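Participant: Could you look at this predicted model? Sequence included:
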Amino acid sequence: MGGWADLNNADPAARRKSIDDVKRLIQVTAAYGADAILLVPCGRLGGVMPKPSQFKIDYDPKTLIVKSVVAGDNAPFAAYIEAQNKATELTRIAVEELIPVAARANVTLALENVWNNLWVLPDFAAGFVRSFNDKQVRAYLDLGNSIRYVQTEAWLRALNKTIVKLHIKDFKIDREKNNDGDFVPIGQGSIDWKSVRAVIDEIGYNGWVTIESGGFTDSEHSALMDRFFAGMGV
């Protein structure tokens, strides 16, 4: 679990330290015999973000440079668009430097979707992962982190064969709340777990699923996951 990196820091010295830290963590990953390192590539982006219902990202599919994030007037979101594009640029440079280090260690760089306001729609996130065209760069998909923007099934289908690991958690959407809802114990949120299980089969994923949730004992979590894997919901 490499965790958060600071690859979009405006300070070159801070970025260099973060890249070097990830290089060290790749070696630690390999020493433990793990095949992938979870990497959150950037800190939280600044600027005013659109509401989830407003998002309509227009971007260049080759460069991934964002032109607009909503239909109509984008002036209120100019700082966010600038931060998004800078994060994409700086992360690309950093990850390209990390790829040969990861390849030598036989470790996959697994980029995770988290609440840092980065690549919030599935096609955009998948476009970034695929843009490296390298087997060392894959996706670590958290099934609950981004449902406030788009249903989990869409994330699975968009990231598809790039997915190397999954986190399972649940989120209850409530648009009246500041963060559009709350994280809740698995099965008490807005995710359709029968449907999600079917899409996991549809895309051919067959790997680790790690629980990232509370509210149950170990035995209750075990029974819950048995039901989920059997396609019965949770």
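Facilitator: Good, I have the coordinates.

Participant: and the longest helix for the chain?
Facilitator: Residue-count comparison of every helix in the chain, with assignments taken from DSSP state H, identifies helix 78-105 as the longest.

Participant: who's in contact with the nearest residue to Ile99 once chain neighbours are set aside?
Facilitator: Counting by CB to CB, 6 or more residues apart in numbering, Ile99 lies nearest to Gln136, which is 5.0 Å off, once chain neighbours are set aside. C-beta: built from backbone N, CA, C; applies to glycine. Neighbour list for Gln136: Ile99, Ala102, Ala103, Val107, Thr108, Leu109 [criterion: CB atoms under 8 Å, 6 or more residues apart in numbering].

Participant: What's the separation between Gln136 and Leu98?
Facilitator: In this structure, Gln136 lies at 8 Å from Leu98, with CB to CB, to the nearest Å as the measure.

Participant: and the end-to-end length of stretch 207-216?
Facilitator: Terminal residues of stretch 207-216 lie 23 Å apart, using CA to CA, to the nearest Å.

Participant: tell me which residues in it are buried?
Facilitator: The neighbour-count criterion (16 or more other CB atoms under 10 Å) identifies Ile211, Glu212, Ser213 as the buried residues of stretch 207-216.

Participant: OK, contacts around the residue nearest the centre of the chain?
Facilitator: Centre of the chain computed as the mean C-alpha position; nearest residue by CA atoms, centre = their mean is Asn113, 1.5 Å away. Contact criterion CB under 8 Å, 6+ apart gives Trp119, Ala125, Ala139, Tyr140, Leu141, Asp142, Asn145, Ser146, Trp155 as the residues in contact with Asn113.
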